[in-house]
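Novice: show me how the following folds:
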Amino acid sequence: QVQLVESGGGLVQAGGSLRLSCAASGRTFSRYAMGWFRQAPGKEREFVAYIKWSGGSAYYAEAVKGRFTISRDNAKNTVYLQMNSLKFEDTAVYYCAATAVGSVDVADSYDYWGQGTQVTVSS
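Specialist: Numbering: from 1, shown residues only. Predicted coordinates:
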């Protein structure tokens, strides 16, 4: 069992930066690949970024590639999402999720989810 708690969301001007954190409980955190998803009002949840359990490989949605960076610290049971050059269209609730063997960008394949943290980018 893994419990996930996101933090770090807030209000930022376009062009600014935020760093989201996702703290995980459970001793098996390092066995899970981690993903970040987001959901804007009236839209479906969409994939943002993914990192393997080892931290060696990361994947990004085209919309955030070059601006966002996912990382993890298994010693701290935490995964991060550094978001730079934020745009108005990045406004959404951001969720972290854990998957044992699921697909990188398929939300239904993730086993555990956090409650989400709101990111609002003003234009």
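
Novice: so Val79 is in which element?
Specialist: When secondary structure is defined by DSSP states H and E, Val79 falls within strand 78-83.

Novice: that strand pairs with which strands, and in what direction?
Specialist: strand 18-25 (antiparallel), strand 68-73 (antiparallel) (DSSP bridges).

Novice: what's around Thr78, how many residues?
Specialist: Taking other Cβ atoms under 10 Å as the criterion, the count of residues near Thr78 is 18. Just so you know, the C-beta spots here come from the backbone N, C-alpha and C atoms, and that holds for glycine as well.

Novice: that one pairs with what?
Specialist: Applying DSSP bridges, one finds that Thr78 bridges with Ala23, Asp73.

Novice: correct me if wrong: it contacts Arg72.
Specialist: Yes. With contact defined as Cβ atoms under 8 Å, Thr78 reaches Arg72; the gap is 6.9 Å.

Novice: does Cys96 touch Ala23 like I think?
Specialist: No. Taking contact to mean Cβ under 8 Å, the distance of 9.1 Å between Cys96 and Ala23 leaves them out of contact.

Novice: now the common contact residues for those two.
Specialist: Taking Cβ atoms under 8 Å, 6 or more residues apart in numbering as the contact criterion, the residues that touch both Cys96 and Ala23 are Leu4.

Novice: more crowded one of the two?
Specialist: Here Cys96 and Ala23 are compared on neighbour count by other Cβ under 10 Å; more neighbours surround Cys96, at 30 against 16.

Novice: select, out of the strands paired with strand 78-83, the one closest to Arg31.
Specialist: In this view, the strands paired with strand 78-83 are compared for proximity to Arg31 by Cβ to Cβ, and strand 18-25 is the closest at 10.9 Å.

Novice: Glu44: neighbour count?
Specialist: The number of residues near Glu44, taken as other Cβ under 10 Å, comes to 8.

Novice: what about it, which SS state?
Specialist: Recorded secondary structure, Glu44: coil (DSSP: H, G, I helix; E, B strand; the rest coil).

Novice: check what pLDDT it gets.
Specialist: pLDDT, the model's per-residue confidence, is 96 for Glu44.
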